[in-house]
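S.K.: sequence and predicted structure, then a few things I'm wondering about:
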Amino acid sequence: MTVYLVRRLIQALFVVLAMSIIVFVGIYGIGDPVEILISPDADQIERERAVAALGLDKPLWEQYLVFLTNALQGNLGRSFVFNEPALTLILQRMPATLELAFGAMFLSIVIGLPLGLFAGLRPHSPVSQGIMAGSILGFSLPTFWVGLMLIMVFAVQLGWLPSTGRGETCSVLGFVGLQSCNEGLQWSFLTWDGLRHMAMPALNLALFKISLVIRLTRAGVRETMLMDYVKFARAKGLSPARVTFVHVFKNILIPVVTVVGLELGSTIAFSVVTESVFAWPGMGKLIIDSINVLDRPVIVAYLMIIVLLFITINLIVDLTYSMLDPRVRLEMSH
Amino acid sequence: MKRIQKRRTQAATVLVAAGVALAAGQAAAQTATIAVGAPVTSIDPHYHQLSPNNAVADIIFDRLVNTDPQLRNIPGLATEWRAVAPTVWEFKLRPNVRFHNGNAFTADDVAFTLQRLPNVPNSPSSFAAYARTMTRVEVVDPLTIRFHTAQPYPLMPLDMTNVRIVDKETTENATTEDFNSLRAAAGTGPYRAVAHRNGDRIEFERWDGYWGERAPFQRVNYRMITNDAARTAALLAGDVDLIDQVPTSDVARLRQDQRVRLAEQVGLRLIFLGIDHLRPATENSPFVTDNDGRPLGRNPLADVRVRRALSMAIDRRAIVDRVMEGAAVPANQFLPQGVFGHVDDLPAIAFDPDGARRLLAEAGYPQGFRIQLNGPNDRYINDGRIIQAIGQMWTRIGVRTAVEAQPWTTFVGRAGRGEYSAFLIGWGSNPDGSHPLRNILATVNRDRGWGSSNRGRYSSPQVDAMLLESLSELDEARRGTLIVGAMRTAMQDVAVVPLHIQTNIWATRRAFEYTASVEELTLAQRLRPAPR
């Protein structure tokens, strides 16, 4: 187990290193951040000063070495735009994105699994066919369009939900009354206003995932129902509920866990569209804004964090497999 | 369909009623919410020379010389100013002004501010240039300050409209982060900042000790909603009371909507085409070929007749009406009427494809040539569609045009290196003709700080001479003649091809009113409850 973890960690380091080089060279190739950040009426002297202030006057390899040295000391650089440590900026925005991603994931499991189970157990009922047709819509409608439609219907026409933004927030300690709400990491899901603001973006993000979970579950159920062990369980006289929820359910979970895990990663990392449509101040919005102005320290730091995140999630998924299915061994020699 | 429409009307009626009720409630509660389209990156007024930041700075801080919505200079923290000697400007300061922390405002704060400008660490675009002309800052008494310059410098009051004054005591050792956390963000403006979440929102409260007109709202929320459709939706849903940068595609619909009112004003941002003046007549321009795609061996754009033909071939009215959906006015020069440096006797550029073909033939291109027109697709309003339209118009006069639109990040660097033959770009002017002249039309010259955005590398000795003279001319009438003369020469020479000047558009809910301004900044103090 330890050997396995150490090996994964070393792999992760190499991936992070490679990624930082690619981003460095890539941004250098796209353009000059100073050209984009500087006021158009700045004269040549001011331009030279800005280039030097951002450390862009040195050759690229030297800039990278400076970055690497600082990174080893835990300093991922300061944002060109905000003049704050890139890591701080990202961590400030992380709660907003995390709660949205977990909210979406929660919805996709709570809605997707039961519907998928139903569609798998009663494949010919009109309800199941309705569910499956709905899931096709969930797959194919573009996120930004659905997001705008949600706003038009629930905020503009019906006025039930606020259109954009994050609403009131509170910290966990503030919520339980140990300190003021404004101190510490801020979460929307702890206030009613925050939950109302979360509803639409979370649903928008979840739509695709709900459909995915429905289809995976249904396929899994239909396949498993024909297995000998299910027939045997039935023949033994077990109740249908026990057959479904213990014997079938546990065995269809592996593909669902894999997909949900990977989807969680990409939701955290790339919920850019939803975040900008709903003006949700999360990391996705930060990264797209940073790319638009070539804010290299933020882009590099963000992608490094995301790589670590994916590696962690993959690790957790692998660990979950071995829990769900004892036949899966972690320390396979090949 | 009919049923849906009916339901919609019903819903709209309900909404209007709800909106009115809500508006009444809000006016009583003295709160307004503003949604702006561009993210504010810092509260530090001297960190980044960037419009959204300047807007927020103008809410919290004051300048020696403030500007009205027409961008005319009005007394701010200085009550009067004049050149007491050719190289000495004297500013009389406003008495009894207090910062948000209670400190009194004096000449020392001004001197400290000017000294801070070049010393903000890591600034990606500093305000240092506004202090660079000064050889010495002399505090005469607590309410009088003098700026000494090496040469006579007529633009000092204009420069002072760009410098927000901070409190010396609070700011002396403050960093940009201290401003962002609001520890150091004490100004003298009508609202003080009470909460700031980077890239998301800023909350203001009325500053009751303000020296000027009392701000109309007790609280103002300043939110950033960068997505155009979401911003409009937030207004229609009643979540916000004012939005800026109203998308041109929504303008027609919003004009019909009883729930909102629009505030419009022709701005100072010219959209124009830069032209390759870098290559002389005897060299190839990078994206110009003959009709078979072979190099021409010469740069047709070096001939003023060709440039004029390309300009005449553009139907500006059609671009303004169709592409811009009316949110712009056709332009024949950098500044709109009424602004210092506008050339009154310059005729509008007529749309004349036949005349353009004749000019091309006269210049030796009866069969035209091929060109690629470049431009950004994410920078200016409808930029990608404008160059497509121009491509078709040019092709109609025999200049077969390929169009390439790119993201600004990749486009701007290449444009700056002079890699294009013709390209679309924009320029937001200060309300003074010297500003576009110096930055775009003057010959590139590092020592003078000229031509830093002259991406086409236009160069004219006459324009340079008149500009140079104007820059040390303290007599405003004489300076005006020089600026207008330089601008006329450059425009007759088709240094650039002007297209249109954008209209700035704000939309508020019925219960509110916004004073539209020629500048694009969105200021909380320009929003007030609508009169009943």
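M.R.: Okay, I see it. The shown structure was predicted, so the numbers you read here are calculated from the model rather than taken from an experiment. Numbers count the residues shown, from 1 in each chain, chains lettered A, B, ... in the order given.
S.K.: all strands for the stretch 101-250 of chain B, in order.
M.R.: Applying DSSP state E, counting those that start in this stretch to the stretch 101-250 of chain B gives strands spanning B:134-141, B:144-149, B:191-197, B:201-206, B:219-224, B:242-243.
S.K.: any idea how far residue A:210 lies from chain B?
M.R.: Note on residue A:210: its distance to chain B, by CB to the nearest CB, to the nearest Å, is 23 Å. (Each C-beta comes from the backbone N, C-alpha and C, glycine too.)
S.K.: OK, contacts around the residue of the stretch 251-400 of chain B found nearest chain A?
M.R.: Residue nearest to chain A within the stretch 251-400 of chain B (CB to the nearest CB): residue B:378, separated by 7.5 Å. Neighbour list for residue B:378: A:292, B:407, B:408 [criterion: CB atoms under 8 Å, 6 or more residues apart in numbering or on different chains].
S.K.: is any residue of the worst-scoring helix or strand of chain A on mean pLDDT near chain B?
M.R.: Every helix and strand in chain A was compared by mean pLDDT, DSSP states H and E; the lowest is helix A:172-175, with a mean of 74. No. Using CB under 8 Å from any CB of the partner chain, helix A:172-175 never reaches chain B; the gap is at least 15.5 Å.
S.K.: the residue nearest the centre of chain A: what secondary structure?
M.R.: Closest residue to the average C-alpha location of chain A: residue A:268 at 1.7 Å, with CA atoms, centre = their mean. Secondary structure, DSSP: H, G, I helix; E, B strand; the rest coil: residue A:268 is helix.
S.K.: that one and residue A:105, how far apart?
M.R.: Counting by CB to CB, to the nearest Å, the gap from residue A:268 to residue A:105 is 10 Å.
S.K.: hang on, the earlier thing: using the three-state scheme, assign the residue of the stretch 251-400 of chain B closest to chain A.
M.R.: Following three-state DSSP, residue B:378 is assigned to coil.
S.K.: on that earlier part again, okay, the strands of the stretch 101-250 of chain B, which one's buried deepest?
M.R.: Here the criterion is mean neighbour count by mean count of other CB atoms under 10 Å in any protein chain shown, and of those the winner is strand B:242-243, at a mean of 28.
S.K.: what's near enough to touch the nearest residue to residue B:191 once chain neighbours are set aside?
M.R.: Leaving aside its sequence neighbours, residue B:191 sits nearest to residue B:204 (CB to CB, 6 or more residues apart in numbering or on different chains; 3.8 Å). Residues in contact with residue B:204, defined by CB under 8 Å, 6+ apart, are B:59, B:60, B:191, B:192, B:193, B:194, B:219, B:220, B:221, B:222, B:524.
S.K.: kindly report the same for residue B:424.
M.R.: Counting by CB under 8 Å, 6+ apart, residue B:424 has contacts B:271-274, B:373-376, B:380, B:383, B:386-387, B:390, B:499.
S.K.: nearest residue to the residue of chain A found nearest chain B other than its sequence neighbours?
M.R.: Using CB to the nearest CB, the closest approach of chain A to chain B is made by residue A:43 at 3.1 Å. If the residues on either side of it in the chain are set aside, residue A:43 comes closest to residue B:449, at 3.1 Å by CB to CB, 6+ apart.
S.K.: now do the phi/psi pair for that neighbour.
M.R.: Phi and psi for residue B:449, reported as degrees, to the nearest 10, are phi 70, psi 30.
S.K.: and it, how many neighbours?
M.R.: If you count neighbours by other CB atoms under 10 Å in any protein chain shown, residue B:449 ends up with 19.
S.K.: surely it meets residue B:129?
M.R.: Yes. Assessed by CB atoms under 8 Å, residue B:449 is found in contact with residue B:129 at 7.4 Å.
S.K.: need the residues touching each of the two.
M.R.: Common contact partners of residue B:449 and residue B:129 (CB under 8 Å, 6+ apart): A:43, A:45, A:46.
S.K.: and the last one, how many neighbours?
M.R.: Okay, so that is residue A:46. Using other CB under 10 Å, residue A:46 is surrounded by 24 other residues.
S.K.: next, give phi and psi for the closest residue to residue B:142 other than its chain neighbours.
M.R.: Nearest in space to residue B:142, with sequence neighbours left out and distances taken as CB to CB, 6+ apart, is residue B:106 at 4.3 Å. With angles defined as degrees, to the nearest 10, residue B:106 sits at phi -140, psi 180.
S.K.: can you put the contacts of residue B:204 in a markdown table and add pLDDT and distance to residue A:259?
M.R.: Converted to a markdown table, those look like this (pLDDT from 0 to 100; distance: CB to CB, whole Å):
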| residue | pLDDT | distance to residue A:259 |
| --- | --- | --- |
| B:59 | 95 | 48 |
| B:60 | 96 | 49 |
| B:191 | 96 | 49 |
| B:192 | 95 | 50 |
| B:193 | 95 | 45 |
| B:194 | 94 | 45 |
| B:219 | 94 | 46 |
| B:220 | 95 | 45 |
| B:221 | 94 | 40 |
| B:222 | 95 | 41 |
| B:524 | 94 | 47 |
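S.K.: between the residues you listed, which is closest to chain A?
M.R.: For the contacts of residue B:204, the closest approach to chain A (CB to the nearest CB) belongs to residue B:221, at 9.4 Å.
S.K.: specify the beta-bridge partners of that closest one.
M.R.: Judged by DSSP bridges, the bridge partners of residue B:221 are residue B:33, residue B:203.
S.K.: quick one, what contacts it?
M.R.: Going by CB under 8 Å, 6+ apart, residue B:221 touches B:31, B:32, B:33, B:34, B:201, B:202, B:203, B:204.
S.K.: quick one on the thing from earlier: between the shared contacts of residue B:449 and residue B:129, which sits nearest residue A:56?
M.R.: Nearest to residue A:56 among the shared contacts of residue B:449 and residue B:129 is residue A:46, at 14.1 Å by CB to CB.
S.K.: do I have it right that that closest one meets residue B:125?
M.R.: Yes. Counting by CB under 8 Å, residue A:46 touches residue B:125, with 7.3 Å between them.
S.K.: now do the shared contacts for these two.
M.R.: Shared contacts of residue A:46 and residue B:125 (CB under 8 Å, 6+ apart): residue A:38.
S.K.: what's the distance between the residue nearest to residue B:142 and chain A?
M.R.: Remark: distance between residue B:106 and chain A (CB to the nearest CB) = 28 Å.
S.K.: show the contacting residues for that residue.
M.R.: For residue B:106, the contacting residues are B:93, B:142, B:143, by CB under 8 Å, 6+ apart.
S.K.: how about residue B:117?
M.R.: B:46, B:126, B:127, B:128, B:130, B:131, B:163 are the contacts of residue B:117 under CB under 8 Å, 6+ apart.
S.K.: what number of residues lie near the second one?
M.R.: I take that to be residue B:126. Count around residue B:126 with other CB under 10 Å applied: 24.
S.K.: ok, now the fifth one?
M.R.: When neighbours are defined as other CB under 10 Å, residue B:130 has 22 of them.
S.K.: pLDDT score for the residue nearest to it when sequence neighbours are not counted?
M.R.: Spatially, and ignoring its direct neighbours in sequence, residue B:130 is nearest to residue B:159 (4.6 Å; CB to CB, 6+ apart). The model reports residue B:159 with a pLDDT of 93.
S.K.: wait, residue B:159 touches residue B:132, no?
M.R.: No. With contact defined as CB under 8 Å, residue B:159 does not reach residue B:132; the gap is 9.6 Å.
S.K.: between these two, point out the one with more neighbours.
M.R.: Comparing residue B:159 with residue B:132 by other CB under 10 Å, the one with more neighbours is residue B:159, at 22 against 16.
S.K.: if we can go back for a sec, got the shared contacts of residue B:449 and residue B:129 as TSV, with secondary structure, pLDDT and distance to residue B:55 columns?
M.R.: What follows is these, written out as TSV (DSSP: H, G, I helix; E, B strand; the rest coil; pLDDT from 0 to 100; distance: CB to CB, whole Å):
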residue	secondary structure	pLDDT	distance to residue B:55
A:43	coil	85	23
A:45	helix	85	26
A:46	helix	85	21
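S.K.: are stretch B:174-187 and chain A in contact anywhere?
M.R.: Yes. Judged by CB under 8 Å from any CB, stretch B:174-187 comes into contact with chain A at B:176, B:177, B:180.
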